[in-house]
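Enquirer: Any chance you could fold what I've pasted below:
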Amino acid sequence: MKNKKILIQVGKLITFVFFLGILFISTIFMLTNTHTYLKEKQKTISADLNAISYAIDIQLWKDEFTYIEHHIDEIKDVDRSKDDVFDSTDFSDFQNLSDDDKTYICAFLYYYYSEVFEREINENAFDYSHAFLMDISEKNRGFVFYNIEGNKLDENTLGRKWDYDLDDHPAAKKIIEGEDSAFENWKDPTNNVNYYVGYLALDKEHEWVLCLSYDWSYMRSRIFNNTLILVAILIVTSLLFQCFVILFFLRKKVLSPFTEVESGLRDYMENKDSDDVVRKMSEIKSENEIGVLANDISQLAVEIDDYMNENIKLASEKQRVQTELNFASQIQDSILIKDFDINDKIEVWASMNPAKEVGGDLYDVFMIDDDHIGMCIADVSGKGVPASLVMMSATTAIRSFALSGIGCSEILERLNNGLKNRELSNMFITVWIGILDLKTGVLTTSSGGHEYPAIYHGDQFVLFKDKHGLVVGGYLGTKYPEETLQLKPGDMIYVYTDGVAEAQNPSDEFYGCDRIIDSLNRVMNENRESGPKEIIEGVTEDLDKFVQDAEQFDDITMLCVKYLG
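Expert: Predicted structure coming up:
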């Protein structure tokens, strides 16, 4: 019992000494930190004062600033719009100027440097409370040239004199006695707030000074906070030392298994060898939560390896598919005509914007013989590579049939039977074909379930509702009707796929045939000389504005042919 009481007393004594030591060290820290902080703050304030003083050269304008002090009321009332007086003045002969010119020039200078002073303060973003420029000479002591509170010039204090007693401002007295800069802790009796003020002499006579004042309570709180941090570090360090002693004895029983787990996990992160981490985790014989953790890490490493291997396979497959898509896109792009200078009796333009890397739309314009031109546009059901392959096959077939000399209807019949016999996974095509006689202007057309074309005949575009046959590739033996149009020089035919009419905006509205016709006529009304290129570009621009950022679900293809005669 006696030994127990002794231990308790010793413990109390150690605790008392410990806290007494902390109090002593805290006091030392406070004094040292205050001294160090103020020294560093003085360097910062001096740098701030010098940065501002460079913009205001009092020594250069000493006569003018002296004049300002004695005529401040007149200067405030001056109209400063006569810039020619300031620009034409020889300032080296300031004393010989007329009183009116002196007053005007000093007014201009006074307000100019007020803007310079305010700008320098704002651009440098000092953490001051007040910034002011004043005269502390015995004759004009306390004359305020400029005073900035926060970041704005205080107009009410310009040109006023403060009751500036040097006994209350030892730093100002040091400036007058010859020091270039000085600092003081001063309490403002008007608001009972303490400030820390830095002074900088601006002239050789040490009459004019630049001052920056800082909220002392804020600075004191910074010093206190810094000291508090140091004390906290001291306490934490002491506690950590005690914890270290405790951990030293617990290491073999608790921390060693953790170290082995951490080592095995780090090795796995570096080498990604799941077999090695499983072996290391199996060597940990702990039967508590650490053993469970080691087993979980082993399983996780195996699962991560399996996941990474699967990702590698998927990435390789994705790269292969992308390569095939790029190849198919290049083939498709090579088939579509790019040179629209086909014949001097027609003007042609076309565009295709696929919904995926490769599309299922096609367009073509080609010479059949010296007097006939074939044109077509089609939309293959489906998207992607299968649709593009059917599209390329159809393009070749249509050209081949047309060059053999048969008509539009028979071209569609042969194409229909050929596609159906191949049984291309129920794929079909909507096709519009036209053959134009360049001598007579007669256009023969046939449609296999395709969109209605638009005809420009006279002074406007109208929808030409031609007779439709079934889609190509639907049923064997399907017949397709033909239509005949008489084109005159200047007439145009505009054909498109359903990706244009069925384009949707974010509100799920369709673009529709009415908007197509309106867009076509708008282009023509804006410029009657518009050709196929301007027509397609105008419709594309209008379509983009309608769709906005909605997703494109179908290929968008357009073809326009103008008969020149």
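Enquirer: shaky segments in the stretch 251-400 of the chain?
Expert: Screening the stretch 251-400 of the chain residue by residue with the criterion pLDDT under 70, one finds the ranges 251-308, 320-334, 357-359, 383-384.
Enquirer: scratch that, the stretch 51-200 of the chain is what I was asking about
Expert: Residues of the stretch 51-200 of the chain that meet the cut-off, pLDDT under 70, sit at 80-92, 125-126.
Enquirer: Strands along that one, start to end?
Expert: 130-135, 143-149, 152-153, 181-188, 193-201 (DSSP state E, counting those that start in this stretch).
Enquirer: Export these to a markdown table and append columns for distance to Val390.
Expert: From N, CA and C alone the C-beta is placed, and that goes for glycine too. Supplementary listing: those in a markdown table, determined by distance: least, CB to CB, whole Å:
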| stretch | distance to Val390 |
| --- | --- |
| strand 130-135 | 79 |
| strand 143-149 | 78 |
| strand 152-153 | 75 |
| strand 181-188 | 88 |
| strand 193-201 | 84 |
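Enquirer: between those, which gets nearest to Val236?
Expert: Of all those, it is strand 193-201 that lies closest to Val236, at 31.0 Å by CB to CB.
Enquirer: which residues touch the nearest residue to Ile56 once chain neighbours are set aside?
Expert: Excluding its sequence neighbours, the residue lying closest to Ile56 (CB to CB, 6 or more residues apart in numbering) is Tyr113, at 5.6 Å. By CB atoms under 8 Å, 6 or more residues apart in numbering, the contact list for Tyr113 reads 56, 145-146.
Enquirer: For the stretch 451-565 of the chain, give me the ranges with low pLDDT.
Expert: Under the criterion of pLDDT under 70, none of the stretch 451-565 of the chain is flagged as low confidence.
Enquirer: can you map out the strands along it?
Expert: For the stretch 451-565 of the chain, the strands identified by DSSP E, counting those that start in this stretch occupy 454-456, 461-463, 468-469, 482-486, 492-496, 556-563, in order along the chain.
Enquirer: Which one of these lies nearest to Met134?
Expert: strand 556-563 (74.5 Å).
Enquirer: Note down every partner strand of that closest one and its orientation.
Expert: strand 346-353 (antiparallel), strand 492-496 (antiparallel) (DSSP bridges).
Enquirer: so which of the strands of the stretch 51-200 of the chain gets nearest Trp208?
Expert: Proximity to Trp208, assessed across the strands of the stretch 51-200 of the chain by CB to CB, is greatest for strand 130-135 (5.6 Å).
Enquirer: Just give me how far that closest one sits from the chain centre.
Expert: Between the centre of strand 130-135 and the centre of its chain there are 43 Å (CA atoms, centre = their mean, to the nearest Å).
Enquirer: Can I get that strand in CSV, CA atoms only?
Expert: Extracted as CSV, the C-alpha positions of strand 130-135 are listed here (Å, rounded to 0.1, in the frame of the first residue of the first chain):
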residue,chain,number,x,y,z
HIS,A,130,-4.8,51.5,-44.1
ALA,A,131,-2.3,53.0,-46.6
PHE,A,132,-1.6,56.7,-46.5
LEU,A,133,0.8,59.3,-47.8
MET,A,134,1.3,62.3,-45.5
ASP,A,135,3.6,65.2,-44.5
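Enquirer: Neighbouring strands - and their directions - for it?
Expert: Pairing partners of strand 130-135, with direction, according to DSSP bridges: strand 143-149 (antiparallel), strand 208-215 (antiparallel).
Enquirer: out of the ones you listed, nearest to Gly499?
Expert: Of the strands paired with strand 130-135, nearest to Gly499 by CB to CB is strand 143-149, at 65.6 Å.
Enquirer: which of the residues in the closest one are buried?
Expert: For strand 143-149, the neighbour count (16 or more other CB atoms under 10 Å) marks 143-148 as buried.
Enquirer: Kindly reformat those as TSV containing distance to Met391.
Expert: Listed next are the buried residues of strand 143-149 as TSV, based on distance: CB to CB, whole Å:
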residue	distance to Met391
Phe143	90
Val144	85
Phe145	83
Tyr146	79
Asn147	80
Ile148	75
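Enquirer: wait, which of those residues is closest to Gln552?
Expert: Of all the buried residues of strand 143-149, the one sitting nearest Gln552 is Ile148; the distance, using CB to CB, is 59.0 Å.
Enquirer: ok, how many other residues are close to the residue lying closest to that closest one once chain neighbours are set aside?
Expert: Beyond its immediate neighbours in the sequence, the residue positioned closest to Ile148 (CB to CB, 6+ apart) is Ala131, lying 4.4 Å away. For Ala131, the tally of surrounding residues (other CB atoms under 10 Å) stands at 24.
Enquirer: what's across from Ala131 in the sheet?
Expert: Assessed by DSSP bridges, Ala131 has beta-bridge partners Ile148, Leu212.
Enquirer: tell me which element the residue lying closest to Gly360 once chain neighbours are set aside falls in.
Expert: With CB to CB, 6+ apart as the measure, Ala387 is the residue that lies nearest to Gly360, at 2.9 Å, once sequence neighbours are left out. When secondary structure is defined by DSSP states H and E, Ala387 falls within helix 384-403.
Enquirer: now for that helix, which elements pack on it?
Expert: Contact partners of helix 384-403 among helices and strands, from 3 or more CB pairs under 8 Å, 6 or more residues apart in numbering; DSSP states H and E: helix 289-335, strand 361-369, strand 372-380, helix 408-422, strand 429-437.
Enquirer: Go again with 7 Å.
Expert: For helix 384-403, the helices and strands in contact under the criterion 3 or more CB pairs under 7 Å, 6 or more residues apart in numbering; DSSP states H and E are helix 289-335, strand 361-369, strand 372-380, helix 408-422.
Enquirer: Could you give me the buried positions within that helix?
Expert: Across helix 384-403, burial judged by 16+ other CB under 10 Å covers 384-395, 398-399, 401-402.
Enquirer: now it against helix 408-422, angle please.
Expert: Our comparison of helix 384-403 with helix 408-422, counting by axes from the mean of the first three to the mean of the last three CA atoms, to 10 degrees, yields an angle of 140 degrees.
Enquirer: Could you check the angle helix 384-403 makes with strand 372-380?
Expert: Relative orientation of helix 384-403 and strand 372-380, computed by the same axes, to 10 degrees: 160 degrees.
Enquirer: can you give me the angle helix 384-403 makes with strand 361-369?
Expert: Relative orientation of helix 384-403 with respect to strand 361-369: 20 degrees, computed using the same axes, to 10 degrees.
Enquirer: starting at the chain centroid, how far to helix 384-403?
Expert: If you compare the mean C-alpha spot of helix 384-403 with that of the full chain, they lie 45 Å apart, counting by CA atoms, centre = their mean.
Enquirer: Please save the CA atoms from that helix in PDB.
Expert: What follows is the C-alpha trace of helix 384-403 in PDB, where atoms were taken according to Å, rounded to 0.1, in the frame of the first residue of the first chain:
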ATOM      1  CA  GLY A 384     -21.900  -0.800 -89.400                       C
ATOM      2  CA  VAL A 385     -19.800  -3.200 -91.400                       C
ATOM      3  CA  PRO A 386     -22.600  -5.500 -92.700                       C
ATOM      4  CA  ALA A 387     -24.600  -2.600 -94.100                       C
ATOM      5  CA  SER A 388     -21.400  -1.100 -95.600                       C
ATOM      6  CA  LEU A 389     -20.600  -4.400 -97.400                       C
ATOM      7  CA  VAL A 390     -24.100  -4.600 -98.900                       C
ATOM      8  CA  MET A 391     -23.900  -0.900 -99.800                       C
ATOM      9  CA  MET A 392     -20.600  -1.500-101.700                       C
ATOM     10  CA  SER A 393     -22.000  -4.500-103.500                       C
ATOM     11  CA  ALA A 394     -25.200  -2.600-104.400                       C
ATOM     12  CA  THR A 395     -23.200   0.300-105.800                       C
ATOM     13  CA  THR A 396     -21.200  -1.900-108.100                       C
ATOM     14  CA  ALA A 397     -24.300  -3.800-109.200                       C
ATOM     15  CA  ILE A 398     -26.300  -0.600-110.000                       C
ATOM     16  CA  ARG A 399     -23.500   0.800-112.100                       C
ATOM     17  CA  SER A 400     -23.100  -2.500-114.000                       C
ATOM     18  CA  PHE A 401     -26.800  -2.800-114.700                       C
ATOM     19  CA  ALA A 402     -27.100   0.800-115.900                       C
ATOM     20  CA  LEU A 403     -24.100   0.500-118.200                       C
END
